[in-house]
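>>> quick one, what's the 3D model for this:
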Amino acid sequence: MSEEQPRATRTFRAARVRYDPARAERQGRVTRLAIERLGASAALPFLNADHADLGARPLDLAGESAESCARVEALIAALDPAAAAA
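Below you'll find the model as predicted:
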């Protein structure tokens, strides 16, 4: 008689992304600054597109470190809101 063998199963857990409050604070700060300076319609594309002067997306870069965040903040402060709206 053949006995039924239990089937081996594998359980995989989804990778968890660790929440970093400091990263979220820096990203929120540059988002607010960009919206205040450029307006929401220009700020969102700016934050989410690669920027040649930064070599990365501003939102990603701002989250990496305080120094990177300062670079993004300086760039936003130097932007001309009228040029961004055009």
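>>> counting by contacts, list what the strand or helix carrying Glu67 packs against.
Element membership for Glu67 (DSSP states H and E) is helix 66-78. Counting contacts by 3 or more C-beta pairs under 8 Å, 6 or more residues apart in numbering; DSSP states H and E, helix 66-78 packs against helix 21-38, helix 58-64. In short, each C-beta sits where N, CA and C put it, glycine included.
>>> in TSV: the ones you listed, plus distance to Ala52.
As requested, the helices and strands packed on helix 66-78 are exported to TSV (distance: least, C-beta to C-beta, whole Å):
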stretch	distance to Ala52
helix 21-38	17
helix 58-64	11
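>>> burial of Leu54, as a residue count?
Neighbour count for Leu54, taken as other C-beta atoms under 10 Å: 15.
>>> surely it is in contact with Val72?
Yes. The pair Leu54 and Val72 passes the contact test of C-beta atoms under 8 Å, sitting 6.7 Å apart.
>>> what touches both of these two?
Leu61 (C-beta atoms under 8 Å, 6 or more residues apart in numbering).
>>> adding distance to Ala15 and mean neighbour count, write the helices and strands packed on helix 66-78 out as JSON lines.
Output for the helices and strands packed on helix 66-78, formatted as JSON lines (distance: least, C-beta to C-beta, whole Å; neighbours: other C-beta atoms under 10 Å):
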{"stretch": "helix 21-38", "distance to Ala15": "17", "mean neighbour count": "16"}
{"stretch": "helix 58-64", "distance to Ala15": "18", "mean neighbour count": "21"}
